[in-house]
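>>> Just need the structure, nothing else, for what follows:
(one chain, ligands or ions: 1)
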Amino acid sequence: MTETLAARDAETLTQTRHLATAIPGPRSIQLHEERVQQVSSGLGITLPVFVSRADGGIIEDVDGNRLIDFASGIAVTSLGASNRRVAQRVAKQLEAFTHTCFMVTEYESFTQVCDWLNRNTPGDFDKRTALFSTGAEAVENAVKIARAATGRANVLVFDEAYHGRSLLTMGMTAKVNPYKLNFGPMPEHVIRAASANPLRPAVDGGVEAALASVEATLVEHDPASFAAMVIEPIQGEGGFIVPMAGFIPGLRQLADKYGIVLVIDEIQAGMGRTGTLFASEHEGVAGDLILTAKALANGVPLSAVTGRTELLNAPHAGGLGGTYAGNPLACEAALAVFEQFEDGSLLENARLIERVAREVLEPLLESTDVVAQVRGRGAMLAVEFADRVTLAPRPELAAAVSKACHARGVLTLTCGTHGNVLRLLPPLVIGEALLRDGLEVLAQNIIELAG
Ligand SMILES: Cc1ncc(COP(=O)(O)O)c(CNCCCC(=O)O)c1O
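Predicted coordinates:
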């Protein structure tokens with residue numbers, strides 16, 4: 001791990017875990033009580049602490065506690081939450097202008113972000129990019145683009161998928177609770193196929209059977225009716241599921257066979273998180289469209305649809321847009337992110353994070369009978385809690401271990417269709433000592449609670 005990298009970007013914040021109070025501390029408790037009186041209870045909360053500062057691998061709360069950040073704001077602040085280069089470029093832009101709306105007048109940084117994505121995303125073909133603000137907007141617009149390009153309506157999605165909380169993306173997301181419950185009818189023309197979860201295969205027979213099941217779903221609904229198929233290279237909210245080897249290349253073949261736009265949703269797995277710039281590189285596949293957001297601008301809202309020029313240019317002029325789409329502050333943040341990927345050290349850090357995490361966590365597969373799998377790629381890793389024999393999910397263990405980590409100053413998240421997956425999303429700039437400290441706390445809690 002490049003300690004100097006973490007040190008460079010986090011000089012303002014001591015990179016060690018420190019507990020000044022119980023978690024949450026008294027000031028956070030007081031502020032949370034005020035929040036409850038002002039904020040919709042529909043917004044969930046993982047750990048009710050109020051942040052005062054954050055950078056590198058540390059989040060400092062208003063009570064002076066320093067927590068190890070294994071969340072990165074849900075795979076967003078890969079370069080640390082107050083990365084100096086990002087802050088410098090955004091501050092300079094702030095003094096020039098915050099917003100003019102790219103549908104009204106233009107600014108160069110928008111084009112520069114599109115140029116970088118066009119050059120660096122997988123696929124040796126001519127590309128264009130459209131910028132938006134949130135991941136869900138990118139997914140929604142990818143569907144619009146695919147429909148405009150093909151004249152078709154249907155969208156194929158997969159079990160355990162997550163694509164957002166807007167009406168269309170809610171419908172594309174698999175899990176009902178909490179994402180769709182009580183929110184009325186879901187959109188039409190969204191058809192779900194079985195995914196290829198190696199631990200919990202929907203069909204027997206490996207990847208060939210999984211792909212045959214997908215093709216059967218296409219045939220059942222007429223393959224010529226599908227505009228797009230949308231897949232995450234690692235299913236994030238669904239449980240950090242790395243699909244069976246060969247599954248995504250097989251989807252590429254099916255998309256080509258039936259003239260369907262292959263959309264690869266890299267909103268959580270992309271931007272260096274898995275140890276390559278884009279997660280689909282591990283699969284040797286180029287989507288016709290690739291979606292990015294989250295870490296794209298390291299916390300300033302920005303998302304993108306990048307892909308084949310003939311697709312991006314299919315919508316009529318004015319058919320795509322949004323008031324804040326490609327906001328100049330976000331574009332400057334993204335350009336600062338791109339600069340920091342140039343020397344390859346961030347990708348090397350992601351690969352080292354995986355090595356260290358596997359070194360600490362994989363022994364638990366032998367020492368407990370409820371850690372069913374340690375999985376993932378790069379700095380996108382997960383522990384699935386389930387009975388090793390029956391695979392019965394153990395969500396209560398995932399919740400208890402995560403809660404115990406919080407109490408000891410390590411911020412972890414859970415996920416998964418069954419809520420039984422504890423996921424690790426450390427910033428790519430985290431130092432090795434801090435990473436190891438957080439992993440040891442996690443391992444100790446697993447042994448104490450699940451051993
Ligand atoms: C693959 C993938 N596609 C799309 C999205 C949606 O991105 P937005 O920026 O949250 O709209 C995500 C967002 N994932 C975190 C959701 C957190 C929550 O809302 O509970 C994703 O992971």
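
>>> Just to be sure, Leu435 is in a helix?
Yes: counting by DSSP: H, G, I helix; E, B strand; the rest coil, Leu435 is part of a helix.

>>> So it versus Ile267, what's the distance?
Separation of Leu435 from Ile267 (C-beta to C-beta, to the nearest Å) stands at 24 Å. For glycine as for every other residue, the C-beta is placed from the backbone atoms N, C-alpha and C.

>>> Identify the residues contacting Asn445.
Asn445 makes contact with 401, 404-405, 408 under the criterion C-beta atoms under 8 Å, 6 or more residues apart in numbering.

>>> neighbours around Gly239, how many?
Per other C-beta atoms under 10 Å, the neighbour tally for Gly239 reads 27.

>>> tell me the contacts of it?
For Gly239, counting by C-beta under 8 Å, 6+ apart, the contacting residues are 160, 197, 382, 384, 415-418, 421.

>>> close enough to count as contact, Leu26 and Val62?
In this structure residue 26 is Pro, not Leu. No: judged on C-beta atoms under 8 Å, Pro26 makes no contact with Val62 at a distance of 9.3 Å.

>>> Now do stretch 294-312: distance from first to last residue.
Taking C-alpha to C-alpha, to the nearest Å as the measure, stretch 294-312 stretches 21 Å from start to finish.

>>> Run the chain-centre distance for that stretch.
13 Å (C-alpha atoms, centre = their mean, to the nearest Å).

>>> Buried ones in it, by neighbour count?
294-308, 311-312 (16 or more other C-beta atoms under 10 Å).

>>> sorry, back to before: could I get the contacts of Asn445 as CSV with pLDDT and secondary structure?
Listed next are those as CSV, based on pLDDT from 0 to 100; DSSP: H, G, I helix; E, B strand; the rest coil:
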residue, pLDDT, secondary structure
Val401, 98, helix
Ala404, 98, helix
Cys405, 98, helix
Arg408, 98, coil
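
>>> For the residue of the chain found nearest the ligand, give me the pLDDT.
Residue of the chain nearest the ligand, by C-beta to the nearest ligand atom: Gly135 (2.2 Å). pLDDT for Gly135: 98.

>>> ok, it - contacts?
Shown in contact with Gly135 (C-beta under 8 Å, 6+ apart): 163-164, 265, 267, 291, 293-294, 303.

>>> Which one's more surrounded, Pro26 and Val62?
Val62 (17 against 11).

>>> wait, doesn't that one sit right on Gly25?
Yes: counting by C-beta under 8 Å, Val62 touches Gly25, with 7.3 Å between them.

>>> Identify the contacts common to those two.
Common neighbours of Val62 and Gly25 (criterion: C-beta under 8 Å, 6+ apart): Val49.

>>> Show me the residue sitting in the middle of this protein in space.
What sits nearest the mean C-alpha location of the chain, by C-alpha atoms, centre = their mean, is Gln268, with 1.6 Å.

>>> Without its sequence neighbours, what residue ends up closest to that one?
Nearest residue to Gln268, sequence neighbours excluded (C-beta to C-beta, 6 or more residues apart in numbering): Gly236, at 3.7 Å.

>>> and that neighbour, how many neighbours?
With other C-beta under 10 Å as criterion, Gly236 counts 27.

>>> And it, how close does it get to Asn327?
24 Å.

>>> Just the element for Val143, please.
Assigned by DSSP states H and E, Val143 belongs to helix 135-150.

>>> Distance from whichever strand or helix holds Phe110 to the middle of the chain?
Following DSSP H and E, one finds Phe110 within helix 108-120. Helix 108-120 has its C-alpha centroid displaced from the chain centroid by 21 Å (C-alpha atoms, centre = their mean).

>>> Convert the C-alpha atoms of that helix to PDB, please.
The C-alpha coordinates for helix 108-120 follow below in PDB (Å, rounded to 0.1, in the frame of the first residue of the first chain):
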ATOM      1  CA  GLU A 108     -15.100  23.200 -22.100                       C
ATOM      2  CA  SER A 109     -14.800  21.000 -19.000                       C
ATOM      3  CA  PHE A 110     -18.000  19.100 -20.100                       C
ATOM      4  CA  THR A 111     -16.400  18.200 -23.400                       C
ATOM      5  CA  GLN A 112     -13.100  17.300 -21.700                       C
ATOM      6  CA  VAL A 113     -14.900  14.800 -19.400                       C
ATOM      7  CA  CYS A 114     -16.700  13.300 -22.300                       C
ATOM      8  CA  ASP A 115     -13.400  13.000 -24.200                       C
ATOM      9  CA  TRP A 116     -11.700  11.200 -21.300                       C
ATOM     10  CA  LEU A 117     -14.600   8.700 -21.000                       C
ATOM     11  CA  ASN A 118     -14.700   8.200 -24.800                       C
ATOM     12  CA  ARG A 119     -11.000   7.400 -24.800                       C
ATOM     13  CA  ASN A 120     -10.700   5.300 -21.600                       C
END
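
>>> Could I get the buried residue list for that helix?
Those would be 109-110, 113-114, 116-118, for helix 108-120 by 16+ other C-beta under 10 Å.

>>> Quick one: mean pLDDT over it.
98.

>>> related to what we said a few turns ago, ok now the helix holding Val143, how far from the chain's centre?
19 Å.

>>> May I have the distance across stretch 64-79, first residue to last?
22 Å.
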